[in-house]
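Asker: Got a predicted structure plus its sequence, pasted below:
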Amino acid sequence: MKVLLVEDDPSLREGMGELLSELAEVRMVGQVAPALEALQEERFELVLTDLRIAGNVQGGRTIVEAAQQRLQPVAIVSAATAEEMTKVLRPFQADAMLTKPFQLEDILVLVERFLALRTEAERLAPRPPDGKAWAEASPGVQVSPAPSAQGPEGPTWLRLAAGACHTWAPRAGGEGVLVLEGDIEVGGERQPAPHYFFLSARGPREVRTGAGCLVVSLALSR
């Protein structure tokens, strides 16, 4: 698994990178431009960025926007207050925030929450629900468990028939999604199996498929 770390302080970047390398492969950059290049070249289970980069408070916002457009989760680590971060990022919203100064354990726990989503999705992948567990949400769209039984935690399975579309409302905190069969299109981008991505909690999204698909999703733990 991979983490993109964006931090303009060299000593802090090296220290955080060394710490996080115990959990994942870490790509470290210190400026906005190489961060955007990294997002074009690779996929990450988490993008971890400062809000103010090289003195520019908009740097973090630019990275949040780019990461979420590519369906990759992003966490802000900053000395700014949560209110300040929310104001600067609007209308975007980070998938997680961590205020400096922080304990080493805090950042490890934050990263582990995102990595655990993919790990658990891959664990569940070989065991989709049996036929009786599925409910028809709309023509060509089946979900498990049924919408009335879905909660803030636990896996949600989605099966779309060829040509079907569905309005997906991510759970609070966002959802990690693993495509197991076929392909699903989100925001105009086709995500073929096997593929993992993250849906931020920014309101309903329309998803569709050409050939049909099977996916499993898990809400980010709070």
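Answerer: On my side now, so go ahead. These numbers were taken from a predicted model, which means no experiment stands behind them. Numbers count the residues shown, from 1 in each chain.
Asker: Which neighbours in the sheet does the lengthiest strand in the chain have, and how are they oriented?
Answerer: Ranked by number of residues, the top strand in the chain under DSSP state E is strand 175-186. If you go by DSSP bridges, strand 175-186 pairs up with strand 189-192 (antiparallel), strand 195-199 (antiparallel), strand 205-208 (antiparallel), strand 213-219 (antiparallel).
Asker: Export these as TSV, with columns for mean pLDDT.
Answerer: Formatted as TSV, these follow (pLDDT from 0 to 100):
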stretch	mean pLDDT
strand 189-192	94
strand 195-199	96
strand 205-208	96
strand 213-219	97
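Asker: Might one say that Gln93 is in contact with Gly174?
Answerer: No: the pair Gln93 and Gly174 does not pass the contact test of CB atoms under 8 Å, sitting 9.5 Å apart. Backbone N, C-alpha and C define where each C-beta goes, glycine included.
Asker: Give me the spatial nearest neighbour of Arg113, chain neighbours excluded.
Answerer: In this structure, Arg113 finds its nearest non-sequential neighbour in Ser221, 5.5 Å apart by CB to CB, 6 or more residues apart in numbering.
Asker: for the protein, which spans come out with low pLDDT?
Answerer: By pLDDT under 70, the low-scoring segments of the chain are 148-149.
Asker: Would you mind giving the domain segments of it?
Answerer: 2-122, 131-219 (automatic domain parsing).
Asker: Adding mean neighbour count as columns, could you present these in CSV?
Answerer: CSV is the format used below for the domains of the chain (neighbours: other CB atoms under 10 Å):
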stretch, mean neighbour count
domain 2-122, 17
domain 131-219, 17
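Asker: Name the residues linked to the residue nearest to Ala133 when sequence neighbours are not counted by a beta bridge.
Answerer: Of all residues not flanking Ala133 in the chain, Ser144 sits nearest, at 4.7 Å (CB to CB, 6+ apart). When assigned by DSSP bridges, Ser144 has beta-bridge partners Trp157.
Asker: Relative to Leu19, how far out is Ser144?
Answerer: Distance of Ser144 to Leu19, computed by CB to CB, to the nearest Å: 38 Å.
Asker: same deal with Val6?
Answerer: The gap separating Val6 from Leu19 is 15 Å, by CB to CB.
Asker: do the same with Glu185
Answerer: Glu185 is 37 Å from Leu19, by CB to CB.
Asker: ok, which stretches of this structure are strands?
Answerer: 2-6, 25-29, 46-49, 74-78, 96-99, 135-138, 141-144, 155-160, 165-168, 175-186, 189-192, 195-199, 205-208, 213-219.
Asker: So which elements touch the third one?
Answerer: Okay, so that is strand 46-49. The contact analysis (3 or more CB pairs under 8 Å, 6 or more residues apart in numbering; DSSP states H and E) places strand 46-49 against strand 2-6, helix 32-41, helix 58-69, strand 74-78, helix 104-124.
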